[in-house]
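# Only the shape, not the letters, is given here:
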């Protein structure tokens, strides 16, 4: 068990989500940056789909009620184990009663905590990913205990990956189903302009500040998926993220690649980027 | 003579293909979409799941579709080979809705936009039955066809942050019920106490594509009585 002493800003249990239930309107969900989530799992010898703790912007303070091994990947949150700094991308042994505390994210916005064997909260509709309406809470709660696996892994020296997250200003996208209906000028704008993430950004969607000039008609409500870029009647661009709805009525002008979603997940309010259009 | 392709086949992601029909949605297209989904899931191993829209299907694949030989033509041939409409068990559900102002924050403004009285709006909304086209947007959100054309309206220019669970709303040419609190761009004209989605149930959503829905106007006191039952978990929803 892990006791939550402080929750941080938005910390939630996430695995790879609920692929296969979208015909009931269930969002796919899952870790925002699945690249970092899987790196953390790899370091503690977990299957890549094991549930991890996703920590956004500012991390929690946790007390471990059992020994385990943990690893961190993604944003650097100045993690401390019993007040001593610990590194990301390194497997670290934890004893009973150890306290791990996180600060504010830099070099990214989301950090992933994997423990040996994974988090063991109940599965609902085939996944542990927290999503309000399917799980009782959207995030971890203060003073509550979170079950984790009791698996022990042996290693002589902490496993370590020598990689540093690079800030990426180009987000890879494909043409969306309504891209070809955009006027030439709007297409050029998408290809050449920099875009800014507005304060309105969450696990569900990122709304951008810059608007597009267009006269696209509404469409008959149609399927969307994480990474779909919608364009509202007033030209606002909405990038759907992991907790995205399954269908929508706004024209879909672009589609982020999987890598693009992972990279965008490490960005937040006021961060800027460019779309890089490629063929599917 | 070269015949027109029956639908557009668009790859929007290496593992995802969108099939899109250019016609307006109607009951005949719905039956074809329901039948075609069954056929695809049976015949095409690579497809892991399908999401349906009014005039489109989104196919998720195990691996990159780029490697599936002659894929679009295979799908066209499969679609053309479907002849008899596939029979599915289709049920009718009566949904109680309170249309009183306290539970319907956009009723007055929408009535004004549509240039009719609120009573006329409510009467029009409850006087017809609707067909479930598909479930999407949120867990258990039913997309319904059959909205009388006099109730068609513009969606809100931008979505509002929170539409409450159970809200019955109109947006564009569509009407629907919000199964969870959610942001949304539709006009709220009433509220239902019915449980619409339960993740602990084997069948989390009561209805399925092809079913029929009728709205029944109820009083505020009746609404709150049913809402108490729902909160206690004793409110069952049964087909007519």
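Okay, I see it. This is a predicted model, so every value here is computed, not measured.

# tell me the domain ranges of chain A?
Here the domain parsing of chain A from automatic domain parsing is A:2-146, A:170-277.

# lowest confidence element among the helices and strands of chain B?
strand B:182-184 (a mean of 85; mean pLDDT, DSSP states H and E).

# Same list (the domains of chain A) but as TSV, adding mean pLDDT.
Formatted as TSV, these follow (pLDDT from 0 to 100):
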stretch	mean pLDDT
domain A:2-146	96
domain A:170-277	95
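
# so residue B:196 sits right up against residue B:182, yeah?
No: with contact defined as C-beta atoms under 8 Å, residue B:196 and residue B:182 do not form a contacting pair (11.9 Å). The C-beta positions use only the backbone N, C-alpha and C, and glycine is treated the same way.

# Point to the residue nearest the middle of the chain.
In the absence of a named chain, chain A is used. residue A:32 (1.4 Å; C-alpha atoms, centre = their mean).

# wrong one, I was asking about chain B
Geometric middle of chain B (C-alpha atoms, centre = their mean) lands on residue B:143, at 1.4 Å.

# residue contacts, the nearest residue to that residue once chain neighbours are set aside?
Distances taken as C-beta to C-beta, 6 or more residues apart in numbering or on different chains put residue B:133 closest to residue B:143, at 4.6 Å, once the chain neighbours are dropped. Neighbour list for residue B:133: B:25, B:30, B:52, B:54, B:143, B:144, B:145, B:209 [criterion: C-beta atoms under 8 Å, 6 or more residues apart in numbering or on different chains].

# which of the residues you listed sit farthest apart?
B:52 and B:144 (13.6 Å; C-beta to C-beta).

# Tally up the residues packed near the residue lying closest to residue B:68 once chain neighbours are set aside, please.
Nearest residue to residue B:68, sequence neighbours excluded (C-beta to C-beta, 6+ apart): residue B:46, at 5.8 Å. Residue B:46 has 17 neighbouring residues, counting by other C-beta atoms under 10 Å in any protein chain shown.

# For residue B:46, report the pLDDT, please.
Listed pLDDT for residue B:46 reads 94.

# Over to the one 10 residues further on?
At residue B:56, the model reports a pLDDT of 97.

# Do I have it right that it meets residue A:222?
Yes: taking contacts as C-beta under 8 Å, residue B:56 lies within contact range of residue A:222: 4.6 Å.

# quick one, what contacts residue A:18?
Counting by C-beta under 8 Å, 6+ apart, residue A:18 makes contact with A:26, A:27, A:28, A:29, A:30, A:125, A:126, A:127, A:129, A:134.

# On the three-state scheme, the fifth one is what?
In terms of secondary structure, residue A:30 is coil; the call rests on DSSP: H, G, I helix; E, B strand; the rest coil.

# ok, it - how many residues close by?
24.

# Wait, it touches residue A:15, no?
Yes: using C-beta under 8 Å, residue A:30 is in contact with residue A:15, at 6.2 Å.

# circling back: distance of the residue nearest to residue B:68 relative to residue B:100?
51 Å (C-beta to C-beta, to the nearest Å).

# do residue A:16 as well
44 Å.

# how about the helices of chain B, start to end?
Listed in chain order, the helices of chain B (DSSP state H) span B:27-43, B:71-81, B:107-113, B:118-126, B:220-232.

# Serialize these to TSV and add fields for mean pLDDT.
Listed next are the helices of chain B as TSV, based on pLDDT from 0 to 100:
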stretch	mean pLDDT
helix B:27-43	93
helix B:71-81	95
helix B:107-113	95
helix B:118-126	97
helix B:220-232	94
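
# Quick one: closest of those to chain A.
With distances scored as C-beta to the nearest C-beta, the stretch of the helices of chain B nearest to chain A is helix B:27-43 (8.2 Å).

# what helices or strands is the closest one leaning on?
Judged by 3 or more C-beta pairs under 8 Å, 6 or more residues apart in numbering or on different chains; DSSP states H and E, the packing partners of helix B:27-43 are strand B:47-52, strand B:56-61, helix B:71-81, strand B:129-135.

# what's the second one packed up against?
Where contact means 3+ C-beta pairs under 8 Å, 6+ apart, strand B:56-61 is packed against strand A:222-223, strand B:16-20, helix B:27-43, strand B:47-52.

# just these: most buried one?
Across these, averaging neighbours per residue (mean count of other C-beta atoms under 10 Å in any protein chain shown) puts strand A:222-223 on top, at a mean of 27.

# Give me the sheet partners of it and which way each runs.
With DSSP bridges as the test, strand A:222-223 is paired with strand A:247-248 (antiparallel).

# quick one: contacts of the strand it pairs with?
Under the contact criterion C-beta under 8 Å, 6+ apart, strand A:247-248 has outside partners A:25, A:221-224, A:228, A:230, A:240, B:51, B:53, B:134, B:136-137, B:143.

# Please apply the same query to stretch B:200-207.
For stretch B:200-207, using C-beta under 8 Å, 6+ apart, the contacting residues are A:24-26, A:124-125, B:91, B:93, B:132, B:135, B:139-140, B:142, B:179, B:195-198, B:213, B:237.

# Please pick the buried ones from those residues.
A:24-26, A:124-125, B:93, B:132, B:135, B:139-140, B:142, B:179, B:195-198, B:213, B:237 (16 or more other C-beta atoms under 10 Å in any protein chain shown).

# which one is residue A:276 nearest to, not counting chain neighbours?
Using C-beta to C-beta, 6+ apart, the nearest residue to residue A:276 is residue A:170, at 4.2 Å.

# Based on its surroundings, how many neighbours for the one you found?
Around residue A:170 there are 11 residues (other C-beta under 10 Å).

# Tell me who's in contact with it.
A:273, A:274, A:275, A:276.

# Next up, identify which helix or strand the third one is on.
For residue A:275, the host element (DSSP states H and E) is strand A:272-277.

# picking up where we left off before, for the helices and strands packed on strand B:56-61, which one sits closest to residue A:113?
Per C-beta to C-beta, nearest to residue A:113 of the helices and strands packed on strand B:56-61: strand B:47-52, 29.3 Å.

# Tell me how many other residues crowd residue B:62.
10.

# which residues does it contact?
Contacts of residue B:62 by C-beta under 8 Å, 6+ apart are B:15, B:45, B:46, B:48.

# Relative to chain A, which of those residues is nearest.
Nearest to chain A among the contacts of residue B:62, with distances taken as C-beta to the nearest C-beta, is residue B:48, at 6.6 Å.
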